[in-house]
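Enquirer: predicted model and sequence follow; I will ask about them next.
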Amino acid sequence: MTETKNNFLAGEWLAGDTSVENRNPSDLSDVIGHFAQASSSQLTKALDAARSAQKIWAATGLEARQTVLMNIGNELMERSAELGTLLSREEGKPLAEGKGEVYRAGQFFTYYAAEVLRQIGDTADSVRPNIEIDVRREPVGTVAIVSPWNFPTATAVWKIAPALAFGNAVIWKPANLVPASAVALAEIISRQDLPAGLFNLVMGAGGSIGQQLIESPAIDAISFTGSVEVGKQIAQSAIGNLTKIQMEMGSKNALAVMDDGDMEIAVAAALGGAFGGTGQKCTASSRLIVHSAVHDEFVERLAAGAAAMVVDNALKDGTQIGPVVSQNQLDENMAYMELAKSEGGEIICGGDRVSRDTDGYYMTPAVVAGTSNDWRINKEEMFAPIACVIKADSYDEALHLVNDTHFGLTSGIVTRDLARASHFRRNARTGCVMVNLPTAGTDYHVPFGGRGSSSYGPREQGGYAVEFYTTVKTAYISSGTPS
Ligand code: NDP
């Protein structure tokens, strides 16, 4: 049995009462490790330590804070090949995506290192004489971060980096499917010059330790990324304590392919957007809304592209689609393929469970044509390499279909018509809009988030993150001179 990796709490690495085993979804004979599950009393210890440490951190000079963030960012970038391999081994995304994710995580830290020095407030004269007003931001306090398995490092980091940059303490509960990446990041953070207890890694199941964390009145804010279902539970718990919340959840993103679009761009955007990360992205293009004039050509080229994609072990050279993350996810995906058939969809290619040299959760990418936007396969987030094609007879109909969902994270259009592109950009009801690009793939220095059921609370990333991780204080200062 491998050594059990522990939680990092109150400045110490501590064993838990129990542990979970973590296996490689590309090769189920490969045990990545065993990971301690934090106990309830350990969480309480972490919360107490975080409260004291946060006060010290908030009073620490800005350059010292900046150095810590730069160090973490630089180490992530320098070690992106090694840590990206670990990420791909435990999550199942192809090596290039795993390494790219860790490198990107490093860039989040270096970006927020610079933000440390950009914390400038406002001043004003009072409406009363001889009184000045100072408006500045202060840290929100102790932040609970609950992250999903599909971007184990990047999603956590785009929360942890701004939390630390703006002077907060962090209690991080990663998804239990990806603890190895979490421990690797925590090891880097644990070596920095931080007050003990400022950063805490608390591994364990969402329904137990996660729930206890978000229900704690000792938490000042909760940043969550995951499913809508869990998000709603978290919101209810948070409201009970009036805890500030920010949530990024699922989506059902659409890419609209217009009759005037470049077919090469359309097919590439659809393949990358629908099947990148094995379709397990909140920004995945799971609905492809295609103008009837180019529908048949698009479907044919898309299916040829999908059928040619290499599905194999995530760590193998040449793999374009790795396994899905778990047996549960695979079972759900297979159930969605059956649903697609029973709802009347035409399976153009893929959607099959396949074997490879190593025993893993492999399935081929599926293109389902002849679907209706009213069907469950086009309403529910599948988180699978399954793309459903919906025919539209006009741009107006396509836009209507894009917006006909309770989600609203990203959308995209492929068109050469500037007027259409501008109209779409303004009228798509999503937080992010892509023109001639896949719906997935966003930058770290600008806001990210959606509308409807996809997001709740202030935006994440870029300078906009300051809204969530700080609170505004307005101070009135009298010169003491009688007016
Ligand atoms: P879940 O909602 O199941 O879990 C997300 C996180 O919440 C995990 O760490 C989980 O822990 C934890 N959790 C579960 N129940 C509770 C609870 N009652 N209290 C506190 N924490 C809890 O999502 P997945 O991890 O399965 O991720 C997939 C989902 O996330 C998809 O729907 C996807 O769209 C969405 N997502 C959204 C993104 C966005 O930015 N909009 C980005 C990435 C994913 P554990 O798993 O250990 O039980």
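Expert: Cool, the structure landed. Numbers count the residues shown, from 1 in each chain.
Enquirer: use CA for all of it now, contacts and neighbours both
Expert: OK.
Enquirer: now Gln236, what's its secondary structure?
Expert: Secondary structure, DSSP: H, G, I helix; E, B strand; the rest coil: Gln236 is helix.
Enquirer: check the gap between it and the ligand for me.
Expert: 10 Å (Cα to the nearest ligand atom, to the nearest Å).
Enquirer: could you dump the longest helix seen in the chain to PDB, C-alpha only?
Expert: Secondary structure of the chain per DSSP state H: the longest helix is helix 95-116. C-alpha atoms of helix 95-116 as PDB (Å, rounded to 0.1, in the frame of the first residue of the first chain):
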ATOM      1  CA  LEU A  95      -1.100  15.100 -21.200                       C
ATOM      2  CA  ALA A  96      -1.000  18.400 -23.100                       C
ATOM      3  CA  GLU A  97      -4.200  19.500 -21.400                       C
ATOM      4  CA  GLY A  98      -2.900  18.400 -17.900                       C
ATOM      5  CA  LYS A  99       0.400  20.300 -18.400                       C
ATOM      6  CA  GLY A 100      -1.400  23.300 -19.800                       C
ATOM      7  CA  GLU A 101      -3.800  23.400 -16.900                       C
ATOM      8  CA  VAL A 102      -0.900  23.500 -14.300                       C
ATOM      9  CA  TYR A 103       0.900  26.100 -16.300                       C
ATOM     10  CA  ARG A 104      -2.200  28.200 -16.500                       C
ATOM     11  CA  ALA A 105      -2.600  27.800 -12.700                       C
ATOM     12  CA  GLY A 106       0.800  29.300 -12.300                       C
ATOM     13  CA  GLN A 107      -0.200  32.200 -14.500                       C
ATOM     14  CA  PHE A 108      -3.200  32.800 -12.200                       C
ATOM     15  CA  PHE A 109      -0.800  33.200  -9.200                       C
ATOM     16  CA  THR A 110       1.500  35.500 -11.000                       C
ATOM     17  CA  TYR A 111      -1.400  37.600 -12.300                       C
ATOM     18  CA  TYR A 112      -2.800  38.000  -8.800                       C
ATOM     19  CA  ALA A 113       0.700  38.700  -7.400                       C
ATOM     20  CA  ALA A 114       0.500  41.800  -9.500                       C
ATOM     21  CA  GLU A 115      -3.000  42.600  -8.300                       C
ATOM     22  CA  VAL A 116      -1.600  42.700  -4.700                       C
END
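Enquirer: the residue of the stretch 1-150 of the chain found nearest the ligand: how many residues sit nearby?
Expert: At 3.5 Å from the ligand, Pro148 is the closest residue in the stretch 1-150 of the chain, using Cα to the nearest ligand atom. A count of nearby residues for Pro148, using other Cα atoms under 10 Å, gives 20.
Enquirer: my guess is it contacts Pro179, does it?
Expert: No: look at Pro148 against Pro179 with Cα atoms under 8 Å: they stay out of range, at 10.8 Å.
Enquirer: quick one on the thing from earlier: per-residue pLDDT, the residue of the stretch 1-150 of the chain closest to the ligand?
Expert: For Pro148, the pLDDT comes out at 98.
Enquirer: Provide the secondary structure category for it.
Expert: coil.
Enquirer: OK, contacts around it?
Expert: Taking Cα atoms under 8 Å, 6 or more residues apart in numbering, we find Pro148 in contact with Thr155, Pro174, Ala175, Thr225, Gly226.
Enquirer: and if we set it to 6 Å?
Expert: Applying Cα atoms under 6 Å, 6 or more residues apart in numbering, we find Pro148 in contact with Ala175, Gly226.
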